[in-house]
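J.: turn this into a model:
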Amino acid sequence: MKIEKKHLIILGLLAVIAGLTAITNLRFKNWQDNFNGGSFLEPLRLNVDEIQKISSIEETSLKKFSSPDGNLIIDYPADWVAIEQPEIIQAMAPETWKEKYDLQTLLFALKTNDESAQLVAYKGAFGLTTEEIIEEIKKTTQDQGWKMNIASSEVEEKKAVFEAKYETSAGLLFHSKEKILIAGDEAYLITALVSETSWQETKDDIDKIISSAIIMNEGGI
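T.: I've put the predicted structure just below:
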């Protein structure tokens, strides 16, 4: 799918990540095929008017997202708007990871005054450790011709949080904070990312978003 010749990023991680998104976005060739050569990390570029046309901004300081299974909870600021168009949501999960890990996109949100700031949450049946998932993200990112550098990380058995910097093949720079939460054989991947030039002004929002992401049942649903 193509929206005014501008493309979706990130996740990361898989959620996702951006040229930017789709961190979480998970950097795959199928995404490039579906989006006219754009990278899975490349951001969806919509102006404020366009964002408001496909969703709505609530008059609250904070929004709460709950996954369909009720297991993942994320709080995010009200000026980040969840995209509700099914064709966009479905396209956020690359075909290769859909098949390999039964990957589902749970949430895709954009900051209304900064189109490069994006939030993506995924759920997949990975059956991998947090370290193995990070390595899988690195590999797929590199396969796309992107450079990925992990700036910091805290890795535990069922949870990992890391910051990453990405450089596209065109030299564009992006910065993300990502979280992996393990629940049984499944994993939730949450990626919040933004262009490197906007990182400092967006960092507080991103820190709060990633910190808020929790699962209610570590054993899975």
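
J.: how about the helices in this structure?
T.: With helices called from DSSP state H, the chain shows them at 29-34, 48-54, 86-91, 95-101, 130-143, 199-212.

J.: columns mean pLDDT and distance to Val161 on top of those helices, output as CSV?
T.: Bear in mind the C-beta positions are built from the backbone N, C-alpha and C, glycine included. Listed next are these as CSV, based on pLDDT from 0 to 100; distance: least, Cβ to Cβ, whole Å:
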stretch, mean pLDDT, distance to Val161
helix 29-34, 36, 25
helix 48-54, 49, 28
helix 86-91, 83, 25
helix 95-101, 87, 20
helix 130-143, 90, 10
helix 199-212, 96, 6
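
J.: any stretches of the protein with poor pLDDT?
T.: 1-60, 219-221 (pLDDT under 70).

J.: all strands for this structure, in order.
T.: For the chain, applying DSSP state E gives strands covering 62-66, 72-77, 80-82, 104-111, 114-124, 147-155, 159-167, 173-183, 186-195, 214-215.

J.: so which of those strands is the most surrounded?
T.: Per-stretch averages of neighbours, counted by mean count of other Cβ atoms under 10 Å, single out strand 186-195 among the strands of the chain, with a mean of 30.

J.: other SSEs contacting it?
T.: Other helices and strands packing on strand 186-195, by 3 or more Cβ pairs under 8 Å, 6 or more residues apart in numbering; DSSP states H and E, are strand 72-77, strand 114-124, helix 130-143, strand 173-183, helix 199-212.

J.: now it: how far from the chain's centre is it?
T.: Put simply, strand 186-195 sits 4 Å off its chain's centre (Cα atoms, centre = their mean, to the nearest Å).

J.: only alpha carbons, please: show that strand as CSV.
T.: Extracted as CSV, the C-alpha positions of strand 186-195 are listed here (Å, rounded to 0.1, in the frame of the first residue of the first chain):
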residue,chain,number,x,y,z
GLU,A,186,4.7,-15.7,22.9
ALA,A,187,6.4,-12.3,23.0
TYR,A,188,5.2,-8.7,22.8
LEU,A,189,7.4,-6.3,21.0
ILE,A,190,7.0,-2.5,21.6
THR,A,191,9.0,0.0,19.6
ALA,A,192,8.9,3.8,20.0
LEU,A,193,11.1,5.7,17.6
VAL,A,194,11.8,9.1,16.1
SER,A,195,14.3,10.8,13.8
